[in-house]
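A.B. asks: Just a sequence and a predicted model for now, questions to come.
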Amino acid sequence: MAATAVVKITVNTMALKVYNTISGKKEDFTPVTEGKVKLYVCGVTVYDHCHIGHARSAIVFDTIYRYLRSKGFDTTYVRNFTDIDDKIIRKSHAENIPWQEVGETYIRSFYEDMDALGVLRPDHEPRATEHITDMIALVETLIERGHAYNIGGDVYFSVDSFRNYGQLSKRPLEEMVAGARVEVDEKKKNPLDFALWKSSKEGEPSWDASFGAGRPGWHIECSVMSTLYLGNPFDIHGGGKDLVFPHHENEKAQTEAATGEKFVNYWIHNGFVNIDREKMSKSIGNTLLIRDFLKEYHPEVLRLFYLSNHYRSPVDYSGQSIEDVNTALHRLYYTRERALEAQKGKAIEPRPYPQADEIAKKFAEAMDDDFNTALALSYIYELSREINRMVDAKDDSTAALIASAEAVYESLAGTLGLLGDDLASLESREKVRHLARMGLDVSFVEGAINDRVEARKNKNFQKADEIRDMLVHKGIILLDTPKGTQWRIKTSVS
């Protein structure tokens, strides 16, 4: 699916407000450089296919990126790949392939998933292994400034040396020690000290450094790549809520310790994804891969599902919630199709439509309030109802108003990355999915339609009605049009 274009929002809006994790409140957004935004989002560790939790972060920050650009900000977006890590090394050993091949395989997989979801590619996508020299330099600076220590080639950041440690996550010390992903190592001076550099081990990749051959720790890479591409400080650092501690806390500490300056002005984190009210986790085996989701549903179903909730809120994925969103997406497409059909063959003079412009203003105000996509979508649905009302009236004099409303409708949806396909493609996928679930195929439906056409031709209307009712019972709706009988799945119409 081609990524939809970023659309310019031309209405006047209030000042953009964003919720800053470090302050715990919404703040007026003031970029470092007027008119420009520098955005960094933590990417994936490329050792496996992406799941729908990865998709939430990607879609959330893709939408933020789109909206910032639509407001006229010159936005530079950076998202990294972690292509050297314990998990990658373990995968390489388990499958007896080079560690580089593991990374390449899952970077390709990542792009396949993101392109299918209509996620725009960032301006820069650096890989950790491209910047090892820069990481070594940062570690050397931290050692020189007394913020890091070397024990047998392993270099650790000293949490006690940085007064503001814990400022971002706001956790008590004992909670941090017990927190997830804190590495246990008896060599550490403090349990919270974290690895900047891991000494070389047999069978593992390594790079030469003044403090010993080895490879970088996880946290150091994002400090290097974010500031290298965006400077220091930069505007927005994003990621999933699970990254607040220890990853982002550690990034902040090591960067500010090395530079003596503020690292990031606004920290933005998206909420967790639960599946049937249980936290999604590989350890309990309830993860759902993006590619498996896309075998069942159109990519925009997942986008609409996530955008129907505020990005900071947890979301609960369930079969019913996805079916509901699937129906809603079909209705959005069906509205556009009806609006375009209503304009066909008519000479339309441009005519302003104040109601649509007012809805566009409300949409922008919702997005300016900490990217409230759930509220913004409610205005798109409102405009959809207004368009359908005008189409249902069958009044040729409203064709210009329908055209005006439809242009605004498509613009707002495009800002959220929606309506990037067409109804025929959406329905074709839905037909295949539905028929497979029913144990049917297209030839069965087409055969039934042909039998019904023959029955009507022979004036056997009882049989024709029985065929229609049989198909309706199977979730298939028939539409008699001047072009012949067409069919749709029940969920695809309003």
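C.D. replies: Everything's here; your move. Numbers count the residues shown, from 1 in each chain.
A.B. asks: buried residues in the worst-scoring helix or strand of the chain on mean pLDDT?
C.D. replies: The helix or strand of the chain with the poorest confidence is helix 173-177; it has a mean of 71 (mean pLDDT, DSSP states H and E). Residues of helix 173-177 classed as buried: residue 176 (neighbour count, 16 or more other Cβ atoms under 10 Å). The way it works is simple: take the backbone N, C-alpha and C, and place the C-beta from them, glycine included.
A.B. asks: Give me the contacts around it.
C.D. replies: Applying Cβ atoms under 8 Å, 6 or more residues apart in numbering, the external contacts of helix 173-177 come out as 166, 169, 182, 191, 192, 245, 246.
A.B. asks: And the contacts of the helix or strand containing residue 238?
C.D. replies: Element membership for residue 238 (DSSP states H and E) is strand 234-240. By Cβ under 8 Å, 6+ apart, the surrounding residues in contact with strand 234-240 are 18, 31-32, 37-42, 53, 56-57, 60-61, 64, 226-227, 247-248, 251, 263-270, 272.
A.B. asks: now that strand: how far from the chain's centre is it?
C.D. replies: Relative to the chain's own centre, strand 234-240 is displaced by 14 Å; criterion: Cα atoms, centre = their mean, to the nearest Å.
A.B. asks: same thing with stretch 238-248?
C.D. replies: On Cα atoms, centre = their mean, the centre of stretch 238-248 falls 16 Å from the chain's centre.
A.B. asks: Send me that stretch as CSV with only the CA atoms.
C.D. replies: Provided in CSV are the C-alpha atoms of stretch 238-248 (Å, rounded to 0.1, in the frame of the first residue of the first chain):
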residue,chain,number,x,y,z
GLY,A,238,9.8,9.5,21.4
GLY,A,239,9.2,5.9,22.0
GLY,A,240,7.0,3.4,23.8
LYS,A,241,6.2,3.9,27.5
ASP,A,242,8.3,0.8,28.3
LEU,A,243,11.4,2.8,27.2
VAL,A,244,11.1,5.5,29.9
PHE,A,245,13.1,3.4,32.3
PRO,A,246,15.8,2.4,31.9
HIS,A,247,16.6,3.2,28.3
HIS,A,248,15.5,6.9,28.1
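A.B. asks: Which residues in that stretch does the neighbour count mark as buried?
C.D. replies: Here stretch 238-248 shows 238, 239, 240, 242, 243, 244, 245, 246, 247, 248 as buried, counting by 16+ other Cβ under 10 Å.
A.B. asks: Leaving out sequence neighbours, find the closest residue to residue 264.
C.D. replies: residue 237 (4.2 Å; Cβ to Cβ, 6 or more residues apart in numbering).
A.B. asks: Can you say which of the contacts of strand 234-240 are buried?
C.D. replies: Using 16+ other Cβ under 10 Å, the buried ones in those are 18, 31, 37-42, 53, 56-57, 60-61, 64, 226-227, 247-248, 251, 263-270, 272.
A.B. asks: re the thing from before, put the alpha carbons of the following helix or strand past the strand holding residue 238 into CSV.
C.D. replies: Using DSSP H and E, the next helix or strand after strand 234-240 towards the C-terminus is helix 249-259. C-alpha atoms of helix 249-259 as CSV (Å, rounded to 0.1, in the frame of the first residue of the first chain):
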residue,chain,number,x,y,z
GLU,A,249,16.6,7.6,31.6
ASN,A,250,20.0,6.3,30.8
GLU,A,251,20.2,8.1,27.5
LYS,A,252,19.4,11.3,29.2
ALA,A,253,22.0,10.8,32.0
GLN,A,254,24.9,9.8,29.8
THR,A,255,24.3,12.6,27.2
GLU,A,256,23.9,15.4,29.8
ALA,A,257,26.8,14.1,31.8
ALA,A,258,29.0,14.2,28.7
THR,A,259,27.8,17.6,27.3
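A.B. asks: Assign residue 292 to helix, strand or coil.
C.D. replies: helix (DSSP: H, G, I helix; E, B strand; the rest coil).
A.B. asks: any idea how far it is from residue 211?
C.D. replies: Here the distance between residue 292 and residue 211 works out to 44 Å (Cβ to Cβ, to the nearest Å).
A.B. asks: And residue 87, by the same measure?
C.D. replies: Residue 87 is 24 Å from residue 211, by Cβ to Cβ.
A.B. asks: Can you give me the distance of the residue nearest in space to the middle of the chain to residue 242?
C.D. replies: Closest to where the C-alpha atoms of the chain average out (Cα atoms, centre = their mean) is residue 59, at 1.3 Å. Applying Cβ to Cβ, the value for residue 59 to residue 242 is 16 Å.
A.B. asks: Identify the residue spatially nearest to residue 448, adjacent ones excluded.
C.D. replies: residue 467 (5.4 Å).
A.B. asks: which residues does the one you found contact?
C.D. replies: 448, 449, 451, 452, 455.
A.B. asks: these two touch, right, residue 321 and residue 305?
C.D. replies: Yes: contact criterion Cβ atoms under 8 Å: residue 321 and residue 305 qualify, at 6.8 Å.
A.B. asks: Flag the shaky bits of this protein, pLDDT-wise.
C.D. replies: Applying pLDDT under 70 to the chain flags residues 1-14, 178-185, 283, 350, 491-494.
A.B. asks: hang on, the earlier thing: which stretch of helix or strand covers the residue nearest to the centre of the chain?
C.D. replies: helix 52-70.
A.B. asks: Please state the offset of that helix from the chain centre?
C.D. replies: For helix 52-70, the distance to the chain centre is 4 Å (Cα atoms, centre = their mean).
A.B. asks: quick revisit: who's more crowded, residue 87 and residue 211?
C.D. replies: Legend: neighbour count by other Cβ atoms under 10 Å for residue 87 and residue 211, higher for residue 211 (18 against 13).
A.B. asks: Residue 355: which element?
C.D. replies: Per DSSP H and E: helix 354-368 holds residue 355.
A.B. asks: Who are the packing partners of the helix or strand following that helix?
C.D. replies: Later in the chain than helix 354-368, the nearest helix or strand by DSSP H and E is helix 373-393. In terms of contacts (3 or more Cβ pairs under 8 Å, 6 or more residues apart in numbering; DSSP states H and E), helix 373-393 is packed against helix 299-307, helix 319-343, helix 354-368, helix 399-415.
A.B. asks: what helices or strands is the second one leaning on?
C.D. replies: Translated: helix 319-343. Checking 3+ Cβ pairs under 8 Å, 6+ apart, helix 319-343 ends up next to helix 299-307, helix 373-393, helix 399-415, helix 423-438.
A.B. asks: Show the contacting residues for residue 154.
C.D. replies: 185, 187, 195, 197, 198, 199, 214.
A.B. asks: and those residues, which are buried?
C.D. replies: 195, 197, 198, 199, 214.
A.B. asks: Return the member of the buried residues of stretch 238-248 nearest to residue 352.
C.D. replies: residue 238 (37.5 Å; Cβ to Cβ).
A.B. asks: how near is that closest one to residue 143?
C.D. replies: Using Cβ to Cβ, residue 238 is found at 30 Å from residue 143.
A.B. asks: which SSE is the spatially closest residue to residue 203 that is not a sequence neighbour in?
C.D. replies: Spatial nearest neighbour of residue 203, excluding adjacent residues (Cβ to Cβ, 6+ apart): residue 93 at 7.1 Å. Secondary structure assigned from DSSP H and E places residue 93 in helix 86-95.
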